[in-house]
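Engineer: Sharing a model that was predicted from the sequence below.
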Amino acid sequence: MTRRSLADRAPYRVRPGTRATVEDRHGESAFVVIEPVNFPADRIAFAEAWVEQANAFVRRSAAQRSTLPQAAE
């Protein structure tokens, strides 16, 4: 996933189930965490950590773009 496609699909959230599915703002699956197989709580924790980091990255990127000086016309 490129940085651009990551930003275009944000924000992300976790859809818990048998596996931990990370979905984008449209409810489309971005990916499914399947490891560790025998520890579903760890799968969900990993997915939640990824979501937190990805959403924070998108927020930081948007904030940096808004603070860049505008080109003179």
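Structural biologist: Yep, that arrived.

Engineer: was I right about residue 16 contacting residue 43?
Structural biologist: No. Using CB atoms under 8 Å, residue 16 makes no contact with residue 43, being 9.0 Å away. All C-beta spots, glycine's among them, are computed from the backbone N, C-alpha and C.

Engineer: just the helices in this protein please.
Structural biologist: Assigned by DSSP state H, the helices in the chain fall at 3-9, 40-67.

Engineer: Now the one helix or strand in the chain whose mean pLDDT sits lowest: buried residues?
Structural biologist: Within the chain, no helix or strand scores below helix 3-9, which has a mean of 85 by mean pLDDT, DSSP states H and E. For helix 3-9, a neighbour-count test (16 or more other CB atoms under 10 Å) marks 6, 9 as buried.

Engineer: so how far is it off the chain centroid?
Structural biologist: 9 Å (CA atoms, centre = their mean, to the nearest Å).

Engineer: Let the chain start at 178 from now.
Structural biologist: OK, 178 is where the count begins now, so the last one is helix 180-186.

Engineer: Who are the packing partners of that helix?
Structural biologist: helix 217-244 (3 or more CB pairs under 8 Å, 6 or more residues apart in numbering; DSSP states H and E).

Engineer: how does it look with 10 Å?
Structural biologist: strand 206-210, helix 217-244 (3 or more CB pairs under 10 Å, 6 or more residues apart in numbering; DSSP states H and E).

Engineer: I would like the residues contacting the shortest one, please.
Structural biologist: The one in question is strand 206-210. Residues lying outside strand 206-210 but in contact with it, judged by CB atoms under 10 Å, 6 or more residues apart in numbering, are 178, 182-183, 186-187, 189-192, 194-201, 217, 219-225, 227-228, 231.

Engineer: Residue 220 and residue 209, how far apart?
Structural biologist: From residue 220 across to residue 209, the span is 9 Å (CB to CB, to the nearest Å).

Engineer: Neighbour count: these two, which is higher?
Structural biologist: The residue with more neighbours, out of residue 220 and residue 209, is residue 220; 22 against 15, by other CB atoms under 10 Å.

Engineer: measure the more buried one to residue 229 for me?
Structural biologist: For residue 220, the distance to residue 229 - CB to CB - is 15 Å.
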